[in-house]
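1. no FASTA, just this:
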DNA sequence: CGTTTGGTTCCATTATTTGAAACTTAGTCT
DNA sequence: AGACTAAGTTTCAAATAATGGAACCAAACG
């Protein structure tokens, strides 16, 4: 509801509607949307019509329900391929997955949330959008904390303001104060841990991917379970993870314009 | 460029700009976009600003270039997960890939183009250009023809109008007439072939995925190379592919509302 | 068969978008 | 340096597109 705040212009409203449909996670009727949008009936109607006409939504004529359109998938493919991190990082993720035998995550920051842009499963092969595109909280994940720890003070403040600080497990850092203290430790140490803060039994070691100028590009993590390994063992991989992160950063930096290399 | 035609309203224009950035495939400067858009400077400028502010684009401040934003990846994940086909089809694609040992494609129709929504690579990867989110032509691919063959006359007309009929190989059906004749044969036969019409040496057998009411939901194909197999051998799999397509269709139909969370 | 619910269209009002032109940098050349 | 140029940003009155209250239509309901 009030969560969205300032939707600038018509475009903002349209995108807001798009998000609303996305959030539902399944086809929605006009009235469902009307109930939770605070746009007047006619406005919402025309917005939906425009988006549908544009292929961003599809209207199932039988059910009278709207769902996200395929045009988005096409756009996202382009987004993924052209974001400087994900496509470059691919071979490095493979390498890291093979060397560690664990699950690898590559994440970026998106409005205070962690957005997973790629993943390697311990056993299974690449699954494009099934995994990439998922979002998670920043304050209780390894990649989230790794990125936050190297954010500028202003940026960090904004991100912290967007955290829910829900107590997912009894290890969860559930206040901004605890988190800030942890971030300091992470910066000093050079890598972040997830000590079962998000899910019971899931631990990870994460490092940031930084540009030469120190800007946070993303984060890389190796995830495992307490059943299979320990934090200490994971920390043993920290050097390797950092090396890979550095390689990704270096290549991301030099890759900017493929035509002029 | 007359190509875009009717961009209805501001939203349409904004999405048009988004597509323009996507088409470039790499970060673009303002002036690059200005050169090929026929929007006036100020208009384009504000459009870009809005999109950037909305997270659909990101502006690299150092380079002064725009690229697609991560918000799109997030939206696309939702789009992928909520399109009735792709997530449902996943286990079936695995099954088909395992049974045939060949490359599997799952595609949907997007404005006259084929949009690949999922893929399984053969053990020996046939290096083709398709991955989830990628698009391809409809008139010279197995999945494209399989879907077209079951489209309503009106829908088919629209799709045909959007084909380029470029002669990719000397097998390519390069006129609407040849294509329409082929579609009739496909409908009669129940499955479509790609006889090296798009890429030399690449062949496939494709079937449509149809809803109970006969609407085209997508298409499923098994792709291989002339080096490894023959069309006749592929046709031997047609029954299997059809069975799988039918299973996917059935589940898609019954799945409409997966009550979750 | 009257009523409710869900969706679509009207249309005068209003606010937003528009785009030529002016302006500001930042970069290049002489 | 100073003069020129290219690239990006801002202005402002005019034009246009979005708005939303209300009327309308069509099923489904009781």
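-> Looks like it came in fine. The model shown is predicted, which means the values in this text are computed figures rather than measured ones.
2. Which residues of chain A lie near DNA strand C?
-> A:9, A:10, A:11, A:29, A:30, A:31, A:34, A:41, A:42, A:45, A:46, A:64 (Cβ under 7 Å from any atom of the strand). To be clear about C-beta, it is placed using only N, CA and C from the backbone, and glycine gets the same treatment.
3. My guess is the fourth one contacts residue A:64. True?
-> The reference is to residue A:29. Yes - Residue A:29 is in contact with residue A:64 according to Cβ atoms under 8 Å; the separation is 6.0 Å.
4. what about stretch A:195-204, how long is it end to end?
-> Using Cα to Cα, to the nearest Å, one end of stretch A:195-204 lies 7 Å from the other.
5. Mind listing what's buried along it?
-> Within stretch A:195-204, the residues that qualify as buried are A:195, A:196, A:197, A:198, A:202, A:203, A:204, counting by 16 or more other Cβ atoms under 10 Å in any protein chain shown.
6. Is it possible to get CSV of those residues that adds distance to chain B, secondary structure and pLDDT?
-> CSV is the format used below for the buried residues of stretch A:195-204 (distance: Cβ to the nearest Cβ, whole Å; DSSP: H, G, I helix; E, B strand; the rest coil; pLDDT from 0 to 100):
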residue, distance to chain B, secondary structure, pLDDT
A:195, 26, strand, 96
A:196, 22, coil, 95
A:197, 21, coil, 95
A:198, 17, coil, 94
A:202, 20, strand, 92
A:203, 25, strand, 93
A:204, 21, strand, 94
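7. mind listing what the closest residue to DNA strand C within the stretch 51-200 of chain A touches?
-> Taking Cβ to the nearest atom of the strand, DNA strand C has its nearest neighbour within the stretch 51-200 of chain A at residue A:64, 4.5 Å off. Residue A:64 makes contacts with A:29, A:30, as judged by Cβ atoms under 8 Å, 6 or more residues apart in numbering or on different chains.
8. let's see 7 Å
-> Neighbouring residues of residue A:64 by Cβ atoms under 7 Å, 6 or more residues apart in numbering or on different chains: residue A:29.
9. The one 4 residues further on now?
-> Residues near residue A:68 by Cβ under 7 Å, 6+ apart: A:21, A:22, A:57, B:75, B:78, B:79, B:82.
10. which one of those has the most neighbours?
-> Neighbour count (other Cβ atoms under 10 Å in any protein chain shown) singles out residue B:79 as the most crowded of the contacts of residue A:68, with 31 neighbours.
11. residues in contact with residue A:183?
-> The contact partners of residue A:183, taken as Cβ under 7 Å, 6+ apart, are A:145, A:148, A:149.
12. Does residue A:229 lie in a helix or a strand, and which?
-> For residue A:229, there is no enclosing helix or strand under DSSP states H and E.
13. any idea how far it lies from residue B:22?
-> 41 Å (Cβ to Cβ, to the nearest Å).
14. burial of the residue of the stretch 101-250 of chain A found nearest DNA strand D, as a residue count?
-> Residue of the stretch 101-250 of chain A nearest DNA strand D, by Cβ to the nearest atom of the strand: residue A:215 (18.2 Å). Other residues near residue A:215 number 16, with proximity taken as other Cβ under 10 Å.
15. again with the one 3 residues further on
-> The local packing count at residue A:218 equals 29, with neighbours defined by other Cβ under 10 Å.
16. Scan the residues of chain A next to DNA strand C and report the most crowded one.
-> Ranked by neighbour count under the definition other Cβ under 10 Å, the residues of chain A next to DNA strand C are headed by residue A:11 with 25 neighbours.
17. hang on, isn't that residue packed against residue B:52?
-> No - contact criterion Cβ atoms under 7 Å: residue A:11 and residue B:52 do not qualify, at 11.2 Å.
18. ok, residue A:29 touching residue A:60?
-> No - if you go by Cβ under 7 Å, residue A:29 and residue A:60 don't touch, sitting 10.0 Å apart.
19. Quick check: what element follows the helix or strand encompassing residue A:93 along the chain?
-> In this assignment (DSSP H and E), residue A:93 forms part of helix A:86-100. Per DSSP H and E, the first helix or strand lying C-terminal to helix A:86-100 is strand A:103-110.
20. Can you list the strands that that following strand pairs with?
-> The strands that strand A:103-110 pairs with in its sheet are strand A:113-120 (antiparallel), strand A:216-225 (antiparallel) (by DSSP bridges).
21. Near DNA strand D, which residues of the stretch 51-200 of chain A are found?
-> Counting by Cβ under 7 Å from any atom of the strand, the stretch 51-200 of chain A has no residue next to DNA strand D.
22. wait, isn't residue A:57 in contact with residue A:21?
-> Yes - using Cβ under 7 Å as the test, residue A:57 is close enough to residue A:21 to be in contact (6.3 Å).
23. Which neighbours do the two have in common?
-> Common neighbours of residue A:57 and residue A:21 (Cβ under 7 Å, 6+ apart) are A:66, A:67, A:68.
24. what phi and what psi does the backbone show at the first one?
-> The phi/psi pair for residue A:66 (degrees, to the nearest 10) reads phi -100, psi 140.
25. Backbone dihedrals for the residue lying closest to it once chain neighbours are set aside, please?
-> Nearest in space to residue A:66, with sequence neighbours left out and distances taken as Cβ to Cβ, 6 or more residues apart in numbering or on different chains, is residue A:57 at 5.0 Å. Here is the backbone geometry of residue A:57 (degrees, to the nearest 10): phi -130, psi 160.
26. need the contact list for residue A:57.
-> Neighbour list for residue A:57: A:21, A:48, A:51, A:66, A:67, A:68, A:69 [criterion: Cβ under 7 Å, 6+ apart].
27. Restricted to helices, list these.
-> Members of the contacts of residue A:57 lying in helices (criterion: DSSP state H): A:21, A:48, A:51.
28. right, and residue A:226 touches residue A:199 too?
-> No - counting by Cβ under 7 Å, residue A:226 sits too far from residue A:199 to count as a contact (10.4 Å).
29. Tabulate the residues of chain A next to DNA strand C (CSV), appending secondary structure and pLDDT.
-> Listed next are these as CSV, based on DSSP: H, G, I helix; E, B strand; the rest coil; pLDDT from 0 to 100:
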residue, secondary structure, pLDDT
A:9, helix, 85
A:10, helix, 90
A:11, helix, 91
A:29, strand, 90
A:30, helix, 91
A:31, helix, 90
A:34, helix, 90
A:41, helix, 90
A:42, helix, 91
A:45, helix, 92
A:46, helix, 92
A:64, coil, 83
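30. which one of the contacts of residue A:183 sits closest to chain B?
-> For the contacts of residue A:183, the minimum distance to chain B (Cβ to the nearest Cβ) is 16.3 Å, reached by residue A:148.
31. how about the contacts of residue A:183 in TSV, adding distance to residue A:137?
-> Listed next are the contacts of residue A:183 as TSV, based on distance: Cβ to Cβ, whole Å:
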residue	distance to residue A:137
A:145	10
A:148	11
A:149	15
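32. Just the ones of those residues in helices?
-> A:145, A:148.
33. Can you spell out the domain ranges of chain A, please?
-> A:2-72, A:83-260 (automatic domain parsing).
34. just how off-centre is the longest one within its chain?
-> For domain A:83-260, the distance from its own C-alpha centre to the chain's C-alpha centre is 9 Å (Cα atoms, centre = their mean, to the nearest Å).
35. how about the residue in chain A that DNA strand C sits nearest to, what does it touch?
-> At 2.6 Å from DNA strand C, residue A:9 is the closest residue in chain A, using Cβ to the nearest atom of the strand. Under the criterion of Cβ under 7 Å, 6+ apart, the neighbours of residue A:9 are B:10, B:50.
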